[in-house]
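Trainee: The following block contains a protein sequence and its predicted model.
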Amino acid sequence: MAKAVIMPKFGFTQEEGTIVRWLVKEGDTVEQGDPLAEVTTDKINMEVEAPVGGIVGGIRYPEGAVVPVTKVICYLLAPGEAVPAEDEPVPAEASAAPPAPAETAPPVTAGPVSVTPVARRIAEVEGVDLSAVTGSGPGGKITRQDVERQLTAAKGDGKVRATPAARRLAQEAGLDLSTIQGSGPRGRVQGSDVQAALATRPVAPQPVPVAAFTMPQPAFAVGEPVIVPLEGMRRTIAQRLQASYQQAVHITFTLDVDMTKAITFRELANQRLPEGHPGVSLTALIVKAVAWALRRYPLLNSYLQNDQIIMIPAVNVGVAVALPDGLIVPVVKNADQKGLLQIGAEVADLSQRARAGALRPEDVADGTFTVSNLGMFGIDHFTAIINPPQVGILAVGRTAKRFVPDENDQPVARPIMTMTLSVDHRVIDGAQAAQFATTLREALEEPASILL
């Protein structure tokens, strides 16, 4: 029976996705797990994988089409099977990338080599010589990924499992994906794998530039205006933020924070880091303080949906990261239960992978409050639009020296940071928002308090 492939739902609030490109064409034969299409949402680019093996047929949407979630985008057919009619019900696959069954059975040993049961079965079916396979598991154990990698190399069919970010990075750098060993599920090449390969690639000598006279270029080109379609991530961001600004009753609260002790606290934390541990950024310290304050004011850690206020038990703080074509908000899960060093490492990792296009769907899901820090861009003060269905967002400006009166009313230069809290007034009253904001300021001005 024909298997329908649907536009998957990667996030709690996702309503549609855009087909960036098809990785297959009508009539192609694919195996289970092969990538069919690259899709993008307002949060992330992902590949839609084949839920079963079959022949691709009935591709319903072209590249660039915006498709509602759960809509059928194509079918996988058995040989000789026809594409179902538009109104014919066909069971659809509920997930783009169903998790592989866990290999919980004890490993099977082939001579001196340890082999997992799943790897053994695949090798027997496909006729793979296990003695020629290099195991990547503990103690050199051969896993399913090792056998599948050997199959791909033996077939020479060019089907390399890779994330969209890895494909893009490899294409830009001129790297052959088949030469890179993937660290992802089933040997999939990740963006980080391509970056690691680039780091070890020898640098080609650069030719010495020859001086030449160049006519100065005008500041603006003469001719027709450049039209950039509002599509993909940019289009979805525009729609969601416009809806948020129109529907949520934004009310803002601006405070100045003396960051003297926070800076000292952060420096002390970084001095005591283990070797090789990522440094603690100011953003990480703010995330820790925000999570501490949210636990004391749980109404700000809620969703507003269908005339219901849903108070979320987990404190998951999103950190806005600017990208060339938009904005993405990876999430530090259970931030109130984590120490500053762990939050610092997660913020650094999430930010790096966000810019490399290597985030996973779970990295951007389930945020309950958002922090947007533009201080590194020299911005003193700004207001941010709430990220629905959340009810609050914190906008953070730069920390700069200002003269303020000391205890004797004498001017003294102190590092001052301006932050602006925006809340949905339908859920949060002004007094409660003010109390949250002042509690957050106290936590940053006395950072030792968040450890109590």
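Mentor: Now that the structure is in, tell me what you want to look at. None of these values were measured; they are calculated from a predicted model. Residues are numbered from 1 along each chain as shown.
Trainee: care to break the protein down by domain?
Mentor: 3-77, 108-196, 236-451 (automatic domain parsing).
Trainee: Now find how far off-centre the shortest one is within its chain.
Mentor: Here domain 3-77 is found 19 Å from its chain centre; the criterion is Cα atoms, centre = their mean, to the nearest Å.
Trainee: Start and end of that domain, how far apart?
Mentor: Terminal residues of domain 3-77 are spaced 7 Å apart (Cα to Cα, to the nearest Å).
Trainee: Same question for the longest one.
Mentor: In domain 236-451, first residue to last residue: 39 Å (Cα to Cα).
Trainee: Stretch 316-336 now?
Mentor: Across stretch 316-336, first to last residue, Cα to Cα, it's 8 Å.
Trainee: And it, what's buried?
Mentor: Within stretch 316-336, the residues that qualify as buried are 316-321, 326-333, 335-336, counting by 16 or more other Cβ atoms under 10 Å. Any C-beta I mention is one placed from the backbone N, CA and C, and that applies to glycine too.
Trainee: go on, stretch 72-83?
Mentor: 72, 73, 74, 75, 76, 77, 83.
Trainee: Tell me the one among the residues you listed nearest to residue 225.
Mentor: Distances from residue 225 to these, taken as Cβ to Cβ, are shortest for residue 73 (33.9 Å).
Trainee: element containing the closest one, please.
Mentor: Per DSSP states H and E: residue 73 is located in strand 72-77.
Trainee: helices or strands up against that strand?
Mentor: strand 3-6, strand 35-40, strand 54-57 (3 or more Cβ pairs under 8 Å, 6 or more residues apart in numbering; DSSP states H and E).
Trainee: so what strands line up beside that strand?
Mentor: If you go by DSSP bridges, strand 72-77 pairs up with strand 3-6 (antiparallel), strand 54-57 (antiparallel).
Trainee: Mean neighbour count, those: which tops it?
Mentor: Across those, averaging neighbours per residue (mean count of other Cβ atoms under 10 Å) puts strand 3-6 on top, at a mean of 22.
Trainee: How are the helices of the stretch 151-300 of the chain distributed by residue range?
Mentor: 164-173, 191-200, 232-247, 260-271, 282-296 (DSSP state H, counting those that start in this stretch).
Trainee: So which of those is nearest residue 182?
Mentor: Taking these one by one with Cβ to Cβ, helix 191-200 is closest: 5.6 Å.
Trainee: hmm, back to that, out of the helices and strands packed on strand 72-77, which gets nearest to residue 260?
Mentor: strand 35-40 (43.2 Å).
Trainee: contacting residues around the residue nearest the centre of the chain?
Mentor: Central residue of the chain (Cα atoms, centre = their mean): residue 359, 3.2 Å from the mean position. The neighbours of residue 359, taking Cβ atoms under 8 Å, 6 or more residues apart in numbering as the test, are 43, 44, 328, 330, 350, 353.
Trainee: Residue 426: which of those is nearest?
Mentor: residue 43 (24.4 Å).
Trainee: The contacts of residue 359 into a markdown table, with extra columns for pLDDT and distance to residue 197?
Mentor: Formatted as a markdown table, the contacts of residue 359 follow (pLDDT from 0 to 100; distance: Cβ to Cβ, whole Å):
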| residue | pLDDT | distance to residue 197 |
| --- | --- | --- |
| 43 | 64 | 27 |
| 44 | 71 | 23 |
| 328 | 88 | 24 |
| 330 | 92 | 24 |
| 350 | 92 | 22 |
| 353 | 87 | 16 |
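Trainee: So which of those residues belong to strands?
Mentor: Using DSSP state E, the members of these that fall in strands are residue 328.
Trainee: Looking at the contacts of residue 359, which are in helices?
Mentor: Assignment to helices by DSSP state H places the following of those there: 350, 353.
Trainee: Could you dump the contacts of residue 359 into CSV with distance to residue 171 added?
Mentor: Listed next are the contacts of residue 359 as CSV, based on distance: Cβ to Cβ, whole Å:
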residue, distance to residue 171
43, 23
44, 19
328, 21
330, 24
350, 24
353, 19
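Trainee: What is the nearest of the contacts of residue 359 to residue 415?
Mentor: residue 350 (25.8 Å).
Trainee: Quick one: residues contacting that closest one.
Mentor: 319, 321, 330, 331, 332, 359, 363.
Trainee: among those residues, which two are most distant?
Mentor: Among the contacts of residue 350, 332 and 359 lie farthest apart (Cβ to Cβ), at 13.0 Å.
Trainee: Same list (the domains of the chain) but as CSV, adding distance to residue 225.
Mentor: Listed next are the domains of the chain as CSV, based on distance: least, Cβ to Cβ, whole Å:
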stretch, distance to residue 225
domain 3-77, 21
domain 108-196, 28
domain 236-451, 19
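Trainee: Of those domains, which shows the lowest average pLDDT?
Mentor: Note on the domains of the chain: lowest mean pLDDT is at domain 108-196, with a mean of 68.
Trainee: that older thread, between the helices and strands packed on strand 72-77, which gets nearest to residue 250?
Mentor: Of the helices and strands packed on strand 72-77, the one closest to residue 250 (Cβ to Cβ) turns out to be strand 35-40, at 27.6 Å.
Trainee: who's in contact with residue 336?
Mentor: Per Cβ under 8 Å, 6+ apart, neighbours of residue 336: 291, 292, 294, 295, 315.
Trainee: Those residues, buried ones only, as a PyMOL selection?
Mentor: PyMOL command restricting those to the buried ones, with burial defined by 16+ other Cβ under 10 Å:
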select buried, resi 291+292+294+315
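Trainee: Between all of the contacts of residue 336, which two are separated the most?
Mentor: 292 and 315 (8.9 Å).
Trainee: Give me the phi and psi angles of the residue in the chain sticking out farthest from the centre.
Mentor: Computed with Cα atoms, centre = their mean, the residue of the chain farthest from its C-alpha average is residue 408, at 49.0 Å. Torsion angles at residue 408 (phi, psi; degrees, to the nearest 10) stand at phi -100, psi 20.
Trainee: Now do the SS call for the residue nearest to the centre of the chain.
Mentor: Using DSSP: H, G, I helix; E, B strand; the rest coil, the secondary structure recorded for residue 359 is coil.
Trainee: Quickly note the distance from it to residue 448.
Mentor: Residue 359 sits at a distance of 33 Å from residue 448 (criterion: Cβ to Cβ, to the nearest Å).
Trainee: likewise residue 173?
Mentor: 46 Å.
Trainee: Have a look at the two and say which one is more surrounded.
Mentor: For residue 173 and residue 448, the more surrounded residue by other Cβ atoms under 10 Å is residue 173, and the numbers stand at 12 against 9.
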